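>>> Based on what follows, work out the 3D shape:
(one chain, ligands or ions: 1)
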Amino acid sequence: MKRISHWVDGRIIAGKSGRTGPVYNPALGEQVAEVDLASAAEVDLAVETARAAFPAWRATSLARRSEVLFRMREVLDANRKEVAAAVMAEHGKVLSDAEGEVARGLENLEFACGAPYLLRGGHSEQVARGVDVYSVLEPLGVVAGITPFNFPAMVPLWMFSNAIACGNCFVLKPSEKDPSASLLLAVLWKQAGLPDGVLNVIQGDREAVERILAHPDVAAISFVGSTPVARHIYETGTRNGKRVQALGGAKNHMVVLPDADVDMAADAAVSAGYGSAGERCMAISVVVAVGTVADPLVRAIAERIPRVKVGPGDDPSSEMGPLITGEHRQHVAGYLEPDALGEARLVVDGRASVPAGPGFYLGPSLVDHVQPASSVYAEEIFGPVLSVVRVGTYEEALQLVNANPYANGVALFTRDGGAARRFQVDVEVGMVGVNVPIPVPVSYYSFGGWKASLFGDTHMYGPDGVRFFTRTKVVTSRWPDPASSSVDLGFPQNR
Ligand code: NAD
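Numbering: from 1, shown residues only. Purely as a prediction, here's the structure:
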């Protein structure tokens, strides 16, 4: 059985904890590797290695740091197919989707290549006679990233591109469900010339996370995952004096007004609801159909579902792959049972369109007349189940979205610019799409939800990423006028 281990000080280190976890190929439904699960002592080794690498990396010039980043951008670009294949093999998403994930991650590296510009401070001259004040952005030291299974290449790139550009050393704890992509990225960083020890990857589960949370030398933690874990990371990390940003789960709504282009909205609902088998934190989970649009919209979505080809990620005709594990598949299928549906009507049952074999597949499902009190509405499903809630007015739609505890992404479909503008102002959600179902910000903005979708003060990557991974120092300096110098410096006043 293939063994997936840690990456410390620029090389693979075999785990010594005696604990391992299974890694599956979800399309085959079988275990293909085992991953080492770190003990606290192994986390300590990674943190100590990063701490030892910090003084030299911090002192490395901005020119040299950005040179490494530019080279990493080229190396990753040259190896994007290999990284995407590693994602596909352990996550199950289709290859084109995995390639898209790598492309989005590359954009974060491209942003970070601008470190010399991004790390400029401010300067105020002559705040008092002979006194100047200036601010500098300094790295934090050793920082850690804890990432989810659903974007095993992109989310680490969200974090360590900026963290490393800002002069920090990084310890990554990827998801134990698909750990290979992060190891591959670490190898590519080395090829790009990143000094050993600046980036370390420690495989593991809760035990490793608890040690990161407690370690006195970890200055900051960037987390992405489910809301209960995000809340725990934020509360424990901040209690231990760390800077924490913890992105959590989601329940994203797509509001469709009566004037919307129904075909366009149905295409968007299908791709955003079932792409990556619904295992995206920005996936559309609920379509809110306003007024008369409901019947034609539900019909248009239902007509499209049989055309979504479900199959293994390496088959170019597949549009949707399996779920991450058999257990998760069972959990998602549970939302199609009568007790979860309540009064809702199952229009398309994904259990009936599963490819043969033991893969962790569940076809796309559509549920209409969903009531907000039912668990199919109230819980994050993280699978290919799309709910339709019917409301009478814009105000009811807005109230529904704003009452939801999650607030990651939302989309509005309309042909009316005034309605779109009003929605953008009224809605209490961190990322808003207008006729765009998955409004993931480009890398030079920052990514983040509100409410139970994000704990902390800064969003992820972009300008907020630079803020998160640096601390400001303000210097106030006084230099007397050279005229008062007792030494002849060559100024006319001294003569
Ligand atoms: P998860 O919360 O189970 O795991 C995330 C990370 O936390 C993993 O590295 C895991 O090993 C660790 N972990 C799990 N349980 C833990 C515990 N009890 N104590 C300490 N650490 C623990 O999430 P997942 O299933 O890997 O990913 C899916 C979730 O992530 C969904 O809820 C999804 O919405 C969310 N997500 C959010 C965003 C966002 O940007 N807001 C992006 C991607 C995924």
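
>>> Gly462 versus Val442, what's the distance?
Going from Val442 to Gly462 by Cβ to Cβ, to the nearest Å gives 8 Å. C-beta coordinates here come from the backbone N, C-alpha and C atoms, glycine included.

>>> The two: which is more packed in?
Gly462 (24 against 12; other Cβ atoms under 10 Å).

>>> need the contact list for that one.
111, 441, 443-447 (Cβ atoms under 8 Å, 6 or more residues apart in numbering).

>>> And Pro22, its phi and psi?
phi -80, psi 140 (degrees, to the nearest 10).

>>> got a list of what Ala340 touches?
334, 374-376.

>>> what's the farthest-apart pair in those?
Between any two of those, the greatest separation by Cβ to Cβ is 12.7 Å, found for Gly334 and Ser374.

>>> Between those two, tell me which one has more neighbours.
Using other Cβ under 10 Å as the criterion, Gly334 and Ser374 rank with Ser374 on top: 20 against 14.

>>> and the residue nearest to the more buried one when sequence neighbours are not counted, how many neighbours?
Distances taken as Cβ to Cβ, 6 or more residues apart in numbering place Gly342 nearest to Ser374, at 3.7 Å, with adjacent residues excluded. Neighbours of Gly342 under the rule other Cβ under 10 Å: 16.

>>> Please apply the same query to Arg243.
With other Cβ under 10 Å as criterion, Arg243 counts 19.

>>> Grab the nearest non-local neighbour of it.
Using Cβ to Cβ, 6+ apart, the closest residue to Arg243 is Ala220 (4.0 Å).

>>> hang on, isn't that neighbour packed against Gly241?
No: with contact defined as Cβ atoms under 8 Å, Ala220 does not reach Gly241; the gap is 10.4 Å.

>>> Please enumerate residues in contact with stretch 57-66?
113-116, 119, 138-139, 164-165, 167-169, 195, 198.

>>> ends of it, how far apart?
Chord length of stretch 57-66, first to last residue, is 12 Å (Cα to Cα, to the nearest Å).

>>> chain center to it: distance?
Mean C-alpha position of stretch 57-66 versus that of the full chain (Cα atoms, centre = their mean, to the nearest Å) differs by 26 Å.

>>> what are the ranges of the helices in the stretch 301-450 of the chain?
326-333, 338-341, 375-378, 394-403, 417-426 (DSSP state H, counting those that start in this stretch).

>>> closest one to the ligand among the ones you listed?
helix 326-333 (8.0 Å; Cβ to the nearest ligand atom).

>>> List the buried residues for the closest one?
328-329, 332-333 (16 or more other Cβ atoms under 10 Å).

>>> And it, what does it pack against?
Contact partners of helix 326-333 among helices and strands, from 3 or more Cβ pairs under 8 Å, 6 or more residues apart in numbering; DSSP states H and E: none.

>>> Now do Ala220 against Val47, distance only.
12 Å.

>>> okay, and the common contacts of the two?
Ala144.

>>> Have a look at this structure and report its longest helix.
For the chain, the longest helix by residue count, based on DSSP state H, is helix 40-59.

>>> Can you give the distance of that helix from its chain's centre?
With Cα atoms, centre = their mean, you get 24 Å for helix 40-59.

>>> For the stretch 1-150 of the chain, give me the ranges with low pLDDT.
Along the stretch 1-150 of the chain, no part satisfies pLDDT under 70.

>>> Any chance of the backbone angles for whichever residue of it sits closest to the ligand?
Among the residues of the stretch 1-150 of the chain, Pro148 lies nearest to the ligand; the distance is 3.1 Å by Cβ to the nearest ligand atom. When read as degrees, to the nearest 10, the backbone of Pro148 gives phi -90, psi 170.

>>> can you pull the contacts of it?
Going by Cβ under 8 Å, 6+ apart, the list of residues near Pro148 reads 155, 175, 224-226, 281.

>>> Isn't Val436 up against Val410?
No: between Val436 and Val410 there is no contact under Cβ under 8 Å: 10.6 Å.

>>> These two: which has the busier surroundings?
Legend: neighbour count by other Cβ under 10 Å for Val436 and Val410, higher for Val410 (32 against 15).

>>> ok, the more buried one touching Val401?
Yes: if you go by Cβ under 8 Å, Val410 and Val401 touch, sitting 5.8 Å apart.
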